[in-house]
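1. Got a sequence here, can you build the structure:
(one chain, ligands or ions: 1)
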Amino acid sequence: MTFQNGILPIDEFIEVALYDKNFGYYSQKNPFGKKGDFITAPLISSLFSEMITVWAISYWIALGKPKKFSFVELGPGNGAFCKIFCRTIKNFPEFEKSVKIYLLEKSQKLIKTQKSFIKNKNITWIKNLKEVKNGPILFFGNEFFDSIPIKQFQVNNSKVFEKFISLKKGKFEKFIFKKTSKKIIKKLNNLNLLKKNGIIEYPQKGLKILELIVKKIHKQKGGILLIDYGYKKSHGNDTLQSLKSQKKNIYYKNIGKADITYLVNFELLNKFFIKKKLFFNNIVDQSFFLKKLGIIERAEILSKKKTFKEKSDLYYRLDRLLSENKMGSLFKVIFAANKKTKFKIGFY
Ligand SMILES: C[S@@+](CC[C@H](N)C(=O)[O-])C[C@H]1O[C@@H](n2cnc3c(N)ncnc32)[C@H](O)[C@@H]1O
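-> A predicted model of the protein is given here:
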């Protein structure tokens, strides 16, 4: 089967469209920023990254300030978050001395971008989680999970069909539905995904990665903080979407030239973590989380030294992160850890 002609399940189609070494979107261009196709929270305002960094330091304090501590960023994009993380921890020398920073990135092109952008001796780029050996681990991913391809199934009165895409000469031809194996149906059932008719989205690849992460968390202690575009209650909708030059694109058009994402099902993540015996606090909106961490107070402090123009820019960016109709409630935050903990900062 090639990219040019063939029938691919939705997840394999997305895999090729995003990550193929020759045609893949993330292998060809830098999608981030004003000139790119989309802007993520770390690129909107450094306040976002500062707040998450301070949250990570608070978690480390709650663990009793372990002398060895690992921070793993999942899918660092162009490195914007990590750069601010490295800058912020300079104000917390005890933490800076204890932490080892790891970046897990799939795209070779983005690894190069990150290496030239961040430049810090305390960072190790890893291909495999086995390389992380230092004490308790905190995993962090912003818009990581939504970039891992998902499978789609059509469910009609308990009959389950997997959705495939037929490609001809590298272009979309039609959708094809095939009966699903009993093994997959069992997996979907275990996660309560078959209750609704309609399109069921199953992040098989994402859950495999989370499984490895959870194993690591159980072995070395720690937790995982995920922030993503998503919803709290399962439904039967198709949420695959695509952006090209910050405009909507049909996800099976402009293959390899546009990003493809979906809305993350946080109810499913929650169920998954509980099944894997992790403890989780709550699922909250990004605005709730950042406000609880003091983002508004921090903006007020920073704005005192700024000109009027700089202040307007700062608050314009803050509004994008916090407004209900912008990222504030579209994005959700979840934290799961190996132990029931009193550490609830940001969630209550
Ligand atoms: C939408 S971008 C988000 C980038 C960044 N976190 C931000 O907020 O700007 C998704 C990132 O995850 C990376 N990625 C996707 N799947 C991955 C995987 N399986 N392992 C490691 N990185 C992955 C992509 O290459 C990209 O860097």
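2. ok, the most centrally placed residue in the chain - contacts?
-> Note on the chain: the residue nearest the mean C-alpha position is Phe144, at 2.2 Å, using CA atoms, centre = their mean. By CB atoms under 8 Å, 6 or more residues apart in numbering, the contact set of Phe144 is 74-75, 226, 228. All C-beta atoms are positioned from the backbone trio N, CA, C, and that covers glycine.
3. can you check Leu210 too?
-> Contact partners of Leu210, counting by CB under 8 Å, 6+ apart, are 224, 269, 272, 276.
4. Return the worst-scoring helix or strand of the chain on mean pLDDT as CSV; C-alpha atoms alone will do.
-> The helix or strand of the chain with the lowest confidence, counting by mean pLDDT, DSSP states H and E, is helix 25-28 at a mean of 83. What follows is helix 25-28, C-alpha atoms only, in CSV (Å, rounded to 0.1, in the frame of the first residue of the first chain):
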residue,chain,number,x,y,z
TYR,A,25,2.9,17.6,7.1
TYR,A,26,5.2,17.7,10.1
SER,A,27,8.2,16.6,8.0
GLN,A,28,7.8,19.3,5.4
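5. Show me which residues of the stretch 1-150 of the chain are close to the ligand?
-> Residues of the stretch 1-150 of the chain lying close to the ligand (CB under 6 Å from any ligand atom) are 26, 40, 42, 75-77, 80-81, 104-107, 110, 142-144, 147-148.
6. Give me the PyMOL select line for those, limited to the buried ones.
-> Buried residues within these, by 16 or more other CB atoms under 10 Å, are selected in PyMOL with:
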select buried, resi 26+40+42+75+76+77+80+81+104+105+106+107+110+142+143+144+147+148
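7. tell me which parts of the stretch 201-348 of the chain are close to the ligand?
-> Ile209.
8. Looking at the stretch 201-348 of the chain, which residue is nearest the ligand?
-> Ile209 (5.8 Å; CB to the nearest ligand atom).
9. Can you give the contact residues for the least confident helix or strand of the chain?
-> 17-21, 31, 106-110, 256-260.
10. returning to that earlier point: mind checking which of the contacts of Phe144 are in strands?
-> 74, 226, 228 (DSSP state E).
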